[in-house]
Structure formats: structure tokens, C-alpha cells
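Novice: Provided below for reference: sequence and predicted model.
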Amino acid sequence: MIELKIDDIKFDEKGLVPVIVQDWNTGKILMQAYANKEAVELTIKTGLAHFYSRSRKELWLKGETSGNYQKVRKILIDCDGDSLIYVAEPKGPACHTGNYSCFYRSLEGYKMVEDIIKEIKGYYENSKLIEKSWVRDESEKVYKYILNPITENVPPPSTRVMSFLADTIDSVTRDDFDKVLVPESFGLPIATLVAERKGKPMAIVRKRNLGDEPLSRVDYASGYEKGTYYIYGISEGESVLLIDDAISTGGTVEAIISELQKLKVDVVDVAVSMSKETYGGRNLIFNRFGYIVKAPVLLYVENNVTRAEVHLDGGVKKFLENIK
């Protein structure tokens, strides 16, 4: 990256330059303000975000009153030299309303995602169905396994699809938790993106004992697979957002939530990239624990044909309509 000097910044006729603040951890936009040369110099000197108030006509330090300081990791200058980005780690909410970001509202009726939704539907409706032996119980003989393009990368999904799914899950799930928790291994790609957007660490429920003592171990049975999970990276009393790639019968998610409750770990929300609605897993989790599993993609398999729906609310409205 090309590096410039402070004298290369083109301040306007009032000696000001607009500054966008971006979260170093999540990449999200936090706020917009103005700075004069002295504010930029103080930012560089102290490492904390300084600005100039146009209404009060004075310098101000973000967090001086609220304690919500912003530690500036780097400063970017645009191609014309007349606007800046402070890439910063916030100590608290950026907005005076208490919201994480000042940009917590959107323009009504605008969301240009139709082409991405079409792409997602195409992935699933052309995905391969594989018949596997049913192992969860004796209620069925065959489990129709869908080769999941989103998490098994057959074919590799585009980055915009993964960003769309992660953004959707981020927007429909809670933010007040300690860690993202994901079972190994297909859920790792989507959970990593969500954890980044949430700005939270990610713990992994492993399929093997790593040699260190896990918090617990739990046996599970999905439609086509039985095994044991080892819970690492979380402690009693913590809160988690549980993420997985998919839910079908609900056996894996059920086993993990049940064990977490015994360990006094608070599951604040549950989300997956895709729900195989035909198998009723979301109903199982709701009936037993009261959670509505958020799922942007809902799949239905009828006569060996896969039909996909994409829901921006994580499939919540559709779920509530179906249980009435």
C-alpha cells in the first residue's frame, strides 16, 4: 500500500476532512465525523480517534465523556486525498443512542439481492442427492443426503453468496453473547464469517479428543451418522451463539444444546445456513428448547427433487406460520 504524509491530505476551505470509522475486527462501518489537521495529528500521537466538531467548533476525543474510546490501528486516505478512514478497535458503542454503529438504520424497501438469491437457489436445485442408511432410529430406512454446495464446496460457492448468508445470519441473531460455538466441521466456513462480523471469538466442538481435557463430551445421532463430540473452548457460565452448516433431523443440535444446558452454558440463539425442512429438525429444537433456528435457506425434497427458498428473516416468519 502506498503511504502518504499528513500534508498530502486535502482539507476543505474550512480546514476539515470527512472521516469514516471502520471496526478493525468486524469490518463494519461505525460512524462518520470530521477532523481538522490538529485532530489527525492528535489521533496519530495518541492512537485514539480525535475529531473536530462543526457545531461546537472545537476538537473532541471520542470516548472522553462516554468512555467508548476508539483505538485507531491505521488511517486510510482515499484516491483524491479528501477523505479518511480510521480503522479502529472500539471500546464500546459508537453511537450516542447506545447502538454499536451509528448506521443502524436502512433505507426502506431497498435491498438488491435478487441475483444472489437466484444463484443460491441454482446451487441447491442442481445439487446432488445421495441415499445413505438411516441411523438415528428405526423410523426410516433411507436418509437423502444433499451434497451441500455452501459448506462442502461442491461446486465452490461465490464469495458474494457466503457474504450474503453470513450477513443475513448476523442481522437476525443476537449480539449479546461471549462466543460463537460451532460443531466440526462443515459449519466452520459460515461460523468463521459470522464470528468475524460479530467481533466475537469462535469455539469449536470437535469430533476428536485433542488430548487436552474437554469441558465435556456428548454422543449424537443425526439422520445418517452417529458419533461423539468433544466440547472445547468454552466455560461454565458463558453464553454462546450456536452456528452450524445445516439442520435436518435436529439430532446434532439437540445433543449439543442439551449438554450445554447441563454445563450451565447459555445458548442465546441458534442459526444454520440451511434447513432441510422435510426432516423437521427446526420443529424438534423449538418444541424441546423453545429456540427458533434461524435459517436463510429452506430446502424441501419431494420425489428426489430439491426446491430451495431464501428468507431474509432467517425463515422465522415461515416457521411461525407453519406451527399455528
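Specialist: Yep, that arrived.
Novice: which of the helices or strands spans the residue nearest the centre of the chain?
Specialist: Note on the chain: the residue nearest the mean C-alpha position is V194, at 2.1 Å, using CA atoms, centre = their mean. For V194, the element it lies in under DSSP states H and E is helix 188-198.
Novice: and if you look at G223?
Specialist: Using DSSP H and E, G223 falls within no helix or strand.
Novice: pretty sure it contacts K141?
Specialist: No - the criterion here is CB atoms under 8 Å, and G223 misses it with K141 at 11.1 Å. C-betas here are computed from N, CA, C, even on glycine.
Novice: between those two, which contacts overlap?
Specialist: Shared contacts of G223 and K141, defined by CB atoms under 8 Å, 6 or more residues apart in numbering, are found at W134.
Novice: neighbour count winner among those two?
Specialist: G223 (24 against 8; other CB atoms under 10 Å).
Novice: list the contacts for the more buried one?
Specialist: 132, 134-136, 140, 143, 248-249, 251, 279.
Novice: try it again at 6 Å.
Specialist: 136, 143, 248-249 (CB atoms under 6 Å, 6 or more residues apart in numbering).
Novice: which parts of the strand ranked longest in the chain are buried?
Specialist: Determined from DSSP state E, the single longest strand within the chain is strand 266-276. The neighbour-count check on strand 266-276 (16 or more other CB atoms under 10 Å) flags 267, 269-276 as buried.
Novice: where's E152 relative to A246, distance?
Specialist: Distance, E152 to A246, by CB to CB, to the nearest Å: 10 Å.
Novice: tell me which residues of whichever helix or strand comes after the longest strand of the chain come out buried.
Specialist: Following strand 266-276 in sequence order, the next helix or strand is helix 281-289 (DSSP H and E). By neighbour count on 16+ other CB under 10 Å, the buried set for helix 281-289 is 281-282, 284-286.
Novice: just stretch 214-229 next, same as before
Specialist: Per 16+ other CB under 10 Å, stretch 214-229 contains these buried residues: 214-216, 218, 220-224, 229.
Novice: want to throw the residues you listed into a markdown table with pLDDT?
Specialist: Shown next, in a markdown table, are the buried residues of stretch 214-229 (pLDDT from 0 to 100):
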| residue | pLDDT |
| --- | --- |
| P214 | 86 |
| L215 | 88 |
| S216 | 93 |
| V218 | 94 |
| Y220 | 93 |
| A221 | 92 |
| S222 | 91 |
| G223 | 88 |
| Y224 | 88 |
| Y229 | 95 |
